[in-house]
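Student: got a structure for you, letters missing:
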């Protein structure tokens, strides 16, 4: 059972990294700016999940703080980017 | 009471957040958390455009939240099935839904619930009317969506917030 | 693997395994939708499942895992869950409105947005709801 669990953690790591690669494709390819913002937002989410999965892999709680900070900064950056795309400036 | 503790629910949430962040329930941490829970709503009050929402009918709210959680999980599987097996010929469309809900808090909660559910994204409240523009990923029947939103989501919210 | 993992009982490791597999599958499908779907207004629904169910499953798995590993209640992942549940709808609505606004502005300037070139002009806001409604009735 423990072998299965460690296998599942490895699968999670792999699929999150694969998802990040797919997001990168959309980020580089995306025809419009909003596509890129959407891909970047998903990339932030996947980075947070990667931090969580690393925490599971190394059985350490430290990674939780990293995941929390990534979630916070991801939200702020996405809001700033969408605001910029809509208005042309972030703070009016 | 209302002068020093304008919104008890927010203060309780802040205290719980502090205790979770510091991961201990030592008396010192509770004291620090209580200080934050008291000070933050008072300092943030000038930033709040509306008065705090009255906390009515917690049972209706709990049932609504539980129902929408089930709905989120269900539509997650729907959306992933469509992405995997049927990505061509999906009929995604904007639809227009007339709303009866007027309360700003109710509208905010409605938009959060609709947006959290995969497959639907709230676009905006159309200017000049109380209509809602909604984008649906897999539209089979427009009337079904309008009925679902109106009975399942809007009715409990009217019960909670628009009860004069 | 870390040695402490052997001490986990089956009734902990089984749900954690299942939740992790579910979460990773959902995350992958969401990212696949982001790449595969043909139009932006469809693509916006792909990451939504990553954010809700994928993140939720992995966070719950992490909660159960660390609670069993440290034999005390470790539930600070609830904070991330609450934060994401509060912010994800806001982000989705902001991106949607940005897209709608930019499409409108591009049309006003006389350039056709990419949607029209693909032959999916009905996708562009303001919608053709009236037409489709009357067509159905």
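Tutor: That came through, no problem. Quantities reported herein were computed from a predicted structural model and do not represent experimental measurements.

Student: Spell out for me which residue occupies the centre of chain C.
Tutor: Of all residues in chain C, the one closest to the mean position by Cα atoms, centre = their mean is residue C:48, 2.1 Å from it.

Student: pLDDT wise, what is the closest residue to it other than its chain neighbours at?
Tutor: Computed as Cβ to Cβ, 6 or more residues apart in numbering or on different chains, the closest residue to residue C:48 that is not its neighbour in sequence is residue B:118, at 3.9 Å. (Each C-beta comes from the backbone N, C-alpha and C, glycine too.) On pLDDT, residue B:118 comes in at 86.

Student: Which residues are in contact with residue B:118?
Tutor: Taking Cβ atoms under 8 Å, 6 or more residues apart in numbering or on different chains as the contact definition, residue B:118 lies against B:72, B:75, B:76, B:78, B:79, B:137, C:45, C:48, C:49, C:52, C:53.

Student: Select, from the residues you listed, the two members most distant in space.
Tutor: Farthest-apart pair in those is B:137 and C:53; separation 14.9 Å (Cβ to Cβ).

Student: about what we covered before: so which of the contacts of residue B:118 are in helices?
Tutor: B:72, B:75, B:76, B:78, B:79, C:48, C:49 (DSSP state H).

Student: Neighbours of the second one, how many?
Tutor: Same thing as residue B:75. When counting by other Cβ atoms under 10 Å in any protein chain shown, one arrives at 22 neighbours for residue B:75.

Student: Could you give me the buried positions within stretch B:78-93?
Tutor: By neighbour count, and taking 16 or more other Cβ atoms under 10 Å in any protein chain shown as the criterion, the buried residues in stretch B:78-93 are B:79, B:80, B:82, B:83, B:90, B:92, B:93.

Student: Now residue 14: which helix or strand?
Tutor: Since no chain was named, I'll use chain A. Assessed by DSSP states H and E, residue A:14 sits inside helix A:2-29.

Student: looking at chain C here, not the other one
Tutor: Element membership of residue C:14, judged by DSSP H and E, is helix C:10-36.

Student: quick one, that helix and helix A:2-29 angle?
Tutor: Between helix C:10-36 and helix A:2-29, the angle formed by their directions is 20 degrees, by axes from the mean of the first three to the mean of the last three Cα atoms, to 10 degrees.

Student: packing partners for helix C:10-36?
Tutor: Applying 3 or more Cβ pairs under 8 Å, 6 or more residues apart in numbering or on different chains; DSSP states H and E, we find helix C:10-36 packed against helix A:2-29, helix A:33-57, helix B:58-85, helix C:46-49, helix C:55-69.

Student: Just the local confidence number for residue 25, please.
Tutor: Let's take chain A. Residue A:25 carries a pLDDT value of 91.

Student: let's do chain C instead
Tutor: Reading off the confidence values, residue C:25 has pLDDT 92.

Student: burial measure for it, as a count.
Tutor: Neighbour tally, residue C:25, other Cβ under 10 Å: 18.

Student: Could you chop chain B up by domain?
Tutor: Under the assignment named as automatic domain parsing, the residue ranges that make up the domains of chain B are B:8-47, B:58-161.

Student: between the ones you listed, which one is nearest to residue C:62?
Tutor: For those, the distance to residue C:62 is smallest for domain B:8-47, at 14.0 Å, taking Cβ to Cβ.

Student: Let me know whether the closest one sits next to chain C.
Tutor: Yes: applying Cβ under 8 Å from any Cβ of the partner chain, one finds that domain B:8-47 is in contact with chain C at B:17, B:20, B:21, B:23.

Student: For the second one, the count of nearby residues, please.
Tutor: By that I understand residue B:20. Residue B:20: 17 neighbours (other Cβ under 10 Å).

Student: Please verify my assumption that it contacts residue C:73.
Tutor: No: using Cβ atoms under 8 Å, residue B:20 is not in contact with residue C:73, being 10.5 Å away.

Student: which ones are touching residue C:20?
Tutor: A:8, A:9, A:11, A:12, A:56, C:57, C:58, C:61.

Student: And the residues you listed, which is closest to chain B?
Tutor: residue C:57 (9.8 Å; Cβ to the nearest Cβ).

Student: what's the neighbour count on the closest one?
Tutor: Number of residues near residue C:57 (other Cβ under 10 Å) recorded here: 23.

Student: how close does the nearest residue to it once chain neighbours are set aside get to residue A:19?
Tutor: In this structure, residue C:57 finds its nearest non-sequential neighbour in residue C:23, 3.4 Å apart by Cβ to Cβ, 6+ apart. Remark: distance between residue C:23 and residue A:19 (Cβ to Cβ, to the nearest Å) = 11 Å.

Student: for residue B:67, same thing?
Tutor: If you measure residue B:67 against residue A:19 using Cβ to Cβ, the figure is 29 Å.

Student: Between those two, tell me which one has more neighbours.
Tutor: residue A:19 (29 against 14).

Student: who touches the residue nearest the centre of chain B in this structure?
Tutor: When chain B is reduced to its mean C-alpha position, the closest residue under Cα atoms, centre = their mean turns out to be residue B:109, at 3.0 Å. Taking Cβ under 8 Å, 6+ apart as the contact definition, residue B:109 lies against B:157, B:161.

Student: Kindly list the longest helix within chain C.
Tutor: Secondary structure of chain C read by DSSP H shows that its longest helix is helix C:77-108.

Student: Determine the set of other helices and strands touching it.
Tutor: Contacting helix C:77-108 under the criterion 3+ Cβ pairs under 8 Å, 6+ apart are the following elements: helix A:33-57, helix A:62-87, helix B:8-22, helix B:104-116, strand B:120-125, helix C:40-43, helix C:55-69.
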